[in-house]
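# With the input below, show me the fold.
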Amino acid sequence: MAEAIRGVIFDVDGTLIDSVDLHAEAWQEALAHFGYEVGFNEVRAQIGKGGDQLMPVFVPRADLERIEKDMDSFRHDLFARKYLDRVRGFPGVRPLFERLRRDGIRIALASSAKGDELEHYKRVADITGLADAETSSDDTDRSKPHPDIFLAALEQLGLGPDQAVVVGDTPWDAKAATKAGLPIIGVLCGGFPEEELRQAGCAEVYGDPEDLLRNLDRLIDGRIRAQG
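Next up is the predicted model:
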């Protein structure tokens, strides 16, 4: 990378907030409601994708054309009613954002969540008003592992791929960032193995936002490079 980092694009679920298991439970329940019994671990492995990319893994195409909108709506309402209040922010998120802002680094949020969920996540992570830009699944036609959400965030920041880095917790984040030409730092707090994150394209892997904050100079000085 030719110059120091000027922007950081954060995934949200599993990166800034503890929500991966909750999303897996909600999707497992939603799939069962429509007649598809899927194991928790199978569903959890797909979290990080938006519903448009997750549902086709478990629902045959012919059925999906008929029930996709209803299933997505059911899952969204179920999560809001039963799971949303259980979401908690990870320690260190606000200090990490405050440090980035002090250093003049622009911040974007790029989530596969829907816009109303994202607003709640900002509150529980205590980062309302600290991001310069944000994108959700409402802003793009395709969710991760397609690069669309990260590219939209990059455009909002007004930066090029050589001026920003992504932080995410899933292989789907890594694949999307790599397709966008962006380097990505992985965090383990979402529960995905380090080896899997590195194989998917993560240049560095840290434990959680607090660990990233302790090692932030490695990010800011521009030594993080895109893989592949």
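
# where does the closest residue in space to residue 36 that isn't next to it in sequence land on pLDDT?
Ranked by CB to CB, 6 or more residues apart in numbering and with sequence neighbours excluded, the top spatial neighbour of residue 36 is residue 58, at 5.5 Å. Bear in mind the C-beta positions are built from the backbone N, C-alpha and C, glycine included. Confidence at residue 58, expressed as pLDDT, is 98.

# Got phi/psi on residue 58?
phi -110, psi -20 (degrees, to the nearest 10).

# State the distance from the residue lying closest to residue 170 once chain neighbours are set aside to residue 175.
Using CB to CB, 6+ apart and skipping residues adjacent in sequence, the residue nearest residue 170 is residue 48, 3.1 Å away. Distance of residue 48 to residue 175, given as CB to CB, to the nearest Å: 9 Å.

# burial count for the residue nearest to residue 170?
Using other CB atoms under 10 Å, residue 48 is surrounded by 29 other residues.

# isn't it right up against residue 113?
No: Residue 48 is beyond contact range of residue 113, at 10.9 Å (criterion: CB atoms under 8 Å).

# which residues are in contact with both of these two?
Residues touching both residue 48 and residue 113 by CB atoms under 8 Å, 6 or more residues apart in numbering: residue 13.

# Tell me the gap between the longest helix anywhere in the chain and the middle of its chain.
Scanning the chain for the helix with the most residues, using DSSP state H, yields helix 61-78. Counting by CA atoms, centre = their mean, to the nearest Å, helix 61-78 is centred 22 Å from the centre of its parent chain.

# list the contacts for the residue nearest to the spatial centre of the chain?
For the chain, the residue nearest the mean C-alpha position is residue 11 (3.0 Å; CA atoms, centre = their mean). Contacts for residue 11 (CB under 8 Å, 6+ apart) come out as 48, 110-111, 166-170, 173.
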